[in-house]
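> what follows is a predicted protein model with its sequence.
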Amino acid sequence: GVERAGDNLGAVAGPLLAAGLLGWVGIRPALYLAALPGLLAALAIGFAVRQARSRPGPSLPARARLQLRRLAGAGLLPWLAPVAAFELGNFATTILILRATQLLHHGPTGLAAATVLAVLIYAGHNALGSLTAPLAGRWLDRGRARLVFGAGALLYVLAYLGFAAGPRGWPLLLLAFLLAGAGIGLAETSESTLVASILPDQLRGSGFGTLGALQALGDLCSSAVVGLLYALVSPPAAFLYAAAWMALSLLCLVLAGPRRAAT
């Protein structure tokens, strides 16, 4: 929960700074300036790697394996089904910002002003995610991983339905963003906990690696499909498609059945 809160809290400062830059220098220069934090991050990672190499660490096995057969034997695969469905509906948040910008760009509100307002609303999404994650962690410590994950998926269904409806006013858009922010704070925190609660210590590395690969592949596929639906069919169709995956995630969670380590 604390780790997820830190990740979302860092994503609050970025949109706020971006909103100021958009109003000051415009969209294209702001994108160029956004490369600077990435460069600083690369330098920091390089320094951290150099420091880590200078310290003795545990010896690595001669051959690294994901041990998928042992993961399946430990009962992980049924719990990866709801996670996979969730990630297939969890597309890039830039599409949310695009949707908000287009909905806010009407009447006297110009494109630049609509973009700034959409980015500020997105900052609220990340702020609520950073507040929700530690609360999710407390619930998870009480053995309620399935409940927390299911709540996150349900909030995403409601958020996507709100984006599909296409409200023109910023209050309803803010509500949709906040629902998604709370959903990601709950779901991402509980995904790792589901893996950790099921697997023994010697399999958790492989389990987290499998989870990370599933998250990355699901996010790639969902962003590609939702983006195509958004451009070629309609924005409501794209969000309804993503909401259907979140609903399927809830169904898979119910069908997985109770388990002592992940109830």
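All right, it came through fine. Numbers count the residues shown, from 1 in each chain.

> helix or strand for Pro37, just tell me which one.
helix 35-53 (DSSP states H and E).

> which SSE is immediately downstream of that helix?
Downstream of helix 35-53 (by DSSP H and E), the next one is helix 68-73.

> using PDB, write down the CA coordinates of stretch 134-143.
Below are the C-alpha coordinates for stretch 134-143, written out as PDB (Å, rounded to 0.1, in the frame of the first residue of the first chain):
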ATOM      1  CA  PRO A 134      -2.600   2.600   2.200                       C
ATOM      2  CA  LEU A 135      -6.200   1.900   3.200                       C
ATOM      3  CA  ALA A 136      -6.200  -1.000   0.800                       C
ATOM      4  CA  GLY A 137      -3.000  -2.200   2.400                       C
ATOM      5  CA  ARG A 138      -4.700  -2.200   5.800                       C
ATOM      6  CA  TRP A 139      -7.600  -4.200   4.500                       C
ATOM      7  CA  LEU A 140      -5.200  -6.600   2.900                       C
ATOM      8  CA  ASP A 141      -3.400  -7.100   6.100                       C
ATOM      9  CA  ARG A 142      -6.700  -8.400   7.500                       C
ATOM     10  CA  GLY A 143      -6.900 -11.000   4.800                       C
END
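
> and it, average pLDDT?
Summarised as a single mean, pLDDT over stretch 134-143 is 84.

> give the buried residues for the helix holding Pro37.
Buried residues in helix 35-53, counting neighbours by 16 or more other CB atoms under 10 Å, are absent. The way it works is simple: take the backbone N, C-alpha and C, and place the C-beta from them, glycine included.

> for it, packing partners?
Helix 35-53 sits against no helix or strand, with contacts defined as 3 or more CB pairs under 8 Å, 6 or more residues apart in numbering; DSSP states H and E.

> swap in 10 Å and give it another go.
helix 2-24 (3 or more CB pairs under 10 Å, 6 or more residues apart in numbering; DSSP states H and E).

> next SSE downstream of the helix it packs on?
Moving toward the C-terminus from helix 2-24, the next helix or strand (DSSP H and E) is helix 27-33.

> tell me which residues of that following helix come out buried.
Result for helix 27-33 [16+ other CB under 10 Å]: buried residues Ala30.
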